[in-house]
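Peer 1: One predicted model, sequence on top.
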Amino acid sequence: MSDYIYKPNNTCFYDAISAKWLQLNCLTISDGTIVDVDFTDCVEEKKYSRYILPGLIDAHCHILENPYDEELTSTLHEIALKNALDACKCGITTLKDMGGFSFKPIGIVNRLNKNYLPRIYTSGCFFTCPGGHCHDRGAVVVTDILQFKNAISKLISSDIHFCKILHGDNAFSFDLLESMIEFAHSNDLLVSCHAYTEKAAFEAVLAGTDTLEHAGDYSDSLLQMIKKRNVIIIPTYVASVDSTLDNCKTFSDINGEVLKSWIVGEKKVIPKLFENNLMVALGTDSGFSGTPCDSLIREIKLLNSDFGISIERILFSDLITTPQALMLGDKLGRIAQGYYADFSCYKDNPLTNLDLLGYPEEVWISGERVDNKIANHVTLHRLAECDVSSVSLYLHHYSFDCGAICDCWSDSELEEWFSVEEDYCIGAFFEKTLIGFCLTHYHKATNKVHLENIYVLEQYRRNGVAQRLMYDVLSYYSKKSSLTRFIGMVNLKNKKPKRMLDKNDFITGYPMYWMQRNVNDDI
């Protein structure tokens, strides 16, 4: 990518170290990295037209977990893609995936990082003991140091820099745990230990872990040791709040009392972490317990509302401490020279109005607007028989709805329709997944084209996909010399498609009503 100079008008950006807004005059980006920032101090009381936050970071998620699709009809890749998109829309530009399903996250994350952002880092798998946490959910079971070394070699060969160990009260012996952490460190891997209880957390810290995942009702002496050893602690408060004790049915090795202690413990310990200035990173455990991948926004709001922690202190944790939990303290979390060009733009100050925080007007990653990135990776082609089932799933969503009651097309009708050469029905595909479509019918007798239906999956909207579909259809039919006009019917209450038709120079005709009768009604 060549140099890109970003010269916003009347714009300021937030610096989490100084906890100040600074006026942005010019930003120079090269190959996705900020190479120069021209800024001045903000004018007090001045109203800016745009406020920029560095990209938010979730240090603990599970992108292959699926809290959305109860029937689990999606592939692991589709689940991961949806989770990444959900995070990105609200300004989360970096995710640390904490593994799962053995080594499968490695290939999926590599594929996503090649084709879509946010940037995702993964621990590749997690390690447990026989009968330990998630032993029956894809964890790599370790009984001795040799097994651990063999597994670590797979991570190293895949250029993975993180290692996650699930350690409970009766999990690994201390000697084995210490040997595992020492070996991981000797190979330059950062070690995260999952530990709910005092005993497990104490052993993990004593053995040399770099981060503690989750938190519990830790004693003051343990907190002092955590602070002295510079261990980063990542409480997953939003997941504990959203969690229900029914989760013990999902994990055969967890009972309700353990989950209850986690929920109660995090509520007790979180204020102490901030009061004692421990190194706190932000993570959500999203993907687990139905916690969606945009929940970092809710985590930030809960820390502010439930504990009275200032938004400036919370953002320091997320933008300054959290990158250290990814070994990227000099690359993430700031609008500064040498940092990745990841940021979100807001129309007002999101720190004084937290309701705005999850709704940026623009999200930029590696110096590119995310909507442009998605649009560039979407491919369009004509729909065929093999696409009928995918289109049928979304036909109850009426982007061009002519009335309160509409009949859907059957699969056989769609199949026949897609085979008609004169009718241009196209689909938008992202990573081979149908994410939208536009169905049209060419009325040969009158030389008119009817726009029958246009639809884009919700998580892909606001990215120019519908506009690409519309432009492609208009371009295709414009080559027909006999064509007289396009017609698109839309319910005036359905404002979004009305705006899109206006944008594409459609003019409003006369209001009408659909009137119908069944063919078999008595005459």
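Peer 2: Everything's here; your move. Numbers count the residues shown, from 1 in each chain.
Peer 1: Could you pull up the mean pLDDT of stretch 208-218?
Peer 2: Per-residue confidence for stretch 208-218 averages out to 94 on the pLDDT scale.
Peer 1: end-to-end on stretch 190-209?
Peer 2: Distance between the boundary residues of stretch 190-209 (Cα to Cα, to the nearest Å) amounts to 8 Å.
Peer 1: Tell me which stretches of the stretch 1-150 of the chain form strands.
Peer 2: Assigned by DSSP state E, counting those that start in this stretch, the stretch 1-150 of the chain shows strands spanning 4-6, 11-15, 20-30, 33-41, 50-54, 56-61, 92-97, 119-122, 126-128, 140-141.
Peer 1: Switch these over to TSV; also include distance to Leu469 and mean pLDDT.
Peer 2: Every C-beta, even on glycine, is put in place using the N, C-alpha and C of the backbone. Formatted as TSV, these follow (distance: least, Cβ to Cβ, whole Å; pLDDT from 0 to 100):
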stretch	distance to Leu469	mean pLDDT
strand 4-6	28	82
strand 11-15	32	96
strand 20-30	30	94
strand 33-41	34	95
strand 50-54	29	96
strand 56-61	31	97
strand 92-97	27	96
strand 119-122	28	95
strand 126-128	41	92
strand 140-141	44	92
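Peer 1: which one of those lies closest to Leu303?
Peer 2: Among those, strand 56-61 comes nearest to Leu303, with 13.2 Å by Cβ to Cβ.
Peer 1: For that closest one, enumerate the helices and strands it packs against.
Peer 2: Contacts of strand 56-61 with other secondary structure elements, assessed using 3 or more Cβ pairs under 8 Å, 6 or more residues apart in numbering; DSSP states H and E, are made with helix 76-89, strand 92-97, helix 296-307.
Peer 1: Just name the most buried of the ones you listed.
Peer 2: Neighbour counts (mean count of other Cβ atoms under 10 Å) averaged over each of the helices and strands packed on strand 56-61 peak at strand 92-97, with a mean of 28.
Peer 1: Give me the residues contacting that one.
Peer 2: Here strand 92-97 makes contact (Cβ atoms under 8 Å, 6 or more residues apart in numbering) with 55-64, 84, 87, 105, 109, 117-123, 162, 283, 293-294, 296-297, 325-326, 328, 332, 342-344, 363, 365.
Peer 1: Stretch 218-234 now?
Peer 2: Applying Cβ under 8 Å, 6+ apart, the set of residues contacting stretch 218-234 from outside is 59-60, 192, 198, 201-202, 205-206, 209-215, 265, 269, 272-273, 276-283, 321, 324-325.
Peer 1: Repeat the analysis, applying 7 Å as the threshold.
Peer 2: Outside of stretch 218-234, the residues that reach it under the criterion Cβ atoms under 7 Å, 6 or more residues apart in numbering are 59-60, 198, 201-202, 205, 209-213, 215, 269, 272-273, 276, 278-281, 283, 321, 324-325.
Peer 1: Buried residues, it. List them.
Peer 2: Taking 16 or more other Cβ atoms under 10 Å as the basis for neighbour counts, the residues of stretch 218-234 that come out buried are 218, 222-223, 225-226, 231-234.
Peer 1: do the same with stretch 12-21
Peer 2: 12-16, 21.
Peer 1: any idea what sits nearest the residue most central in space within the chain, other than its immediate chain neighbours?
Peer 2: Averaging the C-alpha coordinates of the chain gives a centre point, and the residue nearest to it by Cα atoms, centre = their mean is Ala87 (2.2 Å). With Cβ to Cβ, 6 or more residues apart in numbering as the criterion, Ala87 has its nearest non-adjacent residue at 4.4 Å, and that residue is Cys293.
Peer 1: sec struct for that neighbour, please.
Peer 2: For Cys293, the secondary structure call by DSSP: H, G, I helix; E, B strand; the rest coil comes out as coil.
Peer 1: So what's the residue count around it?
Peer 2: Close neighbours of Cys293, defined as other Cβ atoms under 10 Å, add up to 28.
Peer 1: tell me the contacts of it?
Peer 2: 61, 63, 83, 86-87, 286-287.
Peer 1: ok so, going back, mind checking which of the buried residues of stretch 218-234 are in helices?
Peer 2: Counting by DSSP state H, the members of these that fall within helices are 222-223, 225-226.
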